[in-house]
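Chemist: test case, fold it:
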Amino acid sequence: MSELKGYKINPKDPDIRGWVVKDLDNRDIGKVDNLLVNKELGKVVYVDVEVDQSIIDANHDPYAAHNDSEVHEFINEEGENHIIIPIGLVSLNRDEKYCFTESINYQTFAETKRYRSGTAISRDYERHVLGSYKRRRPNHEREYTDAELRERELRRRKEARLEEEDTQQRSLGDMEEKIRREKARMKYSSDRDRDLRGDYDEELTYKDELKDLDPEPTLDDDMDWKRDHRRIPDDNRYRNLKRRRITDEFYERKEFK
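Modeler: Sure thing, here's the model as predicted:
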């Protein structure tokens, strides 16, 4: 996002860059460094997270969803301290200004392939990260206490309520925007008709001034020539400029909703 000109965060949404990111156990895994945008779709698809040093110190080999055990291309190297999280897997605590996920634990983040900030992200890397995040939690992991379960449920309800309020505000804002656009369209139509009427009246006046003139014909005159007073611009060059919507089925997954 920071490298794109003309792109900005919707004023109705918080700018989460700099917010702490927590796993499903409420442990810090890092901070949001940037937002990764798919320009063809015009939407944010990943949260770019600079991971906490403890994630790096865990020193886990990246999880590889490969049948071939000899594939070793996914190895974390020194300087690779960023990970990506699909936007649909991230929730927001707007009051305390932090991000969290309810589906990915600390160990999974530690075993996820990282990358160096500023390097290109390949589709192969995206698939690897999604495969890593889709793993089930091991059965030997601890169970939550009743107090922790209640806290998680309260947090979930609060987020749902905030989301509902935000949706209502968006709906109200969308309605106001539609009304504003309709008024602008009506004003434009009115002004355009007024200009056309003015051109027509000017044309009549111009013809009245010339009707008494009778210039002598010359050899260069074309008797079939007629003046075109319609003033219609040539729009051929605009006919093939309709914006084509480019879709990528990869981002139709629920992880990006």
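
Chemist: average model confidence for stretch 181-189?
Modeler: For stretch 181-189, mean pLDDT is 77.

Chemist: now Lys8: how far from Ser2?
Modeler: 11 Å (CB to CB, to the nearest Å). Bear in mind the C-beta positions are built from the backbone N, C-alpha and C, glycine included.

Chemist: now the chain, which segments are flagged as low pLDDT?
Modeler: The chain contains residues with pLDDT under 70 at 64-74, 136-146, 148-149, 189-248.

Chemist: break it down into its domains, please.
Modeler: Following the assignment in automatic domain parsing, the chain carries domains at 20-141, 143-195.

Chemist: tell me which of the ones you listed is the most buried.
Modeler: Compared across the domains of the chain, domain 20-141 shows the largest average neighbour count, a mean of 16 (mean count of other CB atoms under 10 Å).

Chemist: ranges for the strands of this structure?
Modeler: For the chain, the strands defined by DSSP state E occupy 20-22, 28-38, 43-51, 82-86, 91-93, 98-100.

Chemist: could you export those as CSV, including distance to Val129?
Modeler: Formatted as CSV, the strands of the chain follow (distance: least, CB to CB, whole Å):
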stretch, distance to Val129
strand 20-22, 15
strand 28-38, 12
strand 43-51, 9
strand 82-86, 6
strand 91-93, 18
strand 98-100, 17
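
Chemist: and the domains of the chain as CSV, adding distance to Phe256?
Modeler: Formatted as CSV, the domains of the chain follow (distance: least, CB to CB, whole Å):
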stretch, distance to Phe256
domain 20-141, 5
domain 143-195, 17
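
Chemist: right, so of those, which gets closest to Glu255?
Modeler: The minimum distance between Glu255 and the domains of the chain falls on domain 20-141, with 3.8 Å, by CB to CB.

Chemist: stretch 249-256: end-to-end distance?
Modeler: In stretch 249-256, first residue to last residue: 11 Å (CA to CA, to the nearest Å).

Chemist: quick thing: my sequence starts at 626, can you match it?
Modeler: Sounds good: first residue 626 from here, last item stretch 874-881.

Chemist: may I see the buried residues of that stretch?
Modeler: Within stretch 874-881, the residues that count as buried by 16 or more other CB atoms under 10 Å are Tyr876, Glu880, Phe881.

Chemist: contacting residues around that stretch?
Modeler: If you take CB atoms under 8 Å, 6 or more residues apart in numbering as the criterion, stretch 874-881 is touched by Asn663, Leu666, Lys668, Val670, Pro711, Ile712, Gly713, Leu714, Arg748, Glu751, Leu755, Tyr758.

Chemist: may I ask which two of those residues are separated the most?
Modeler: Every pair of these checked by CB to CB; the farthest is Leu666 and Tyr758, at 20.4 Å.
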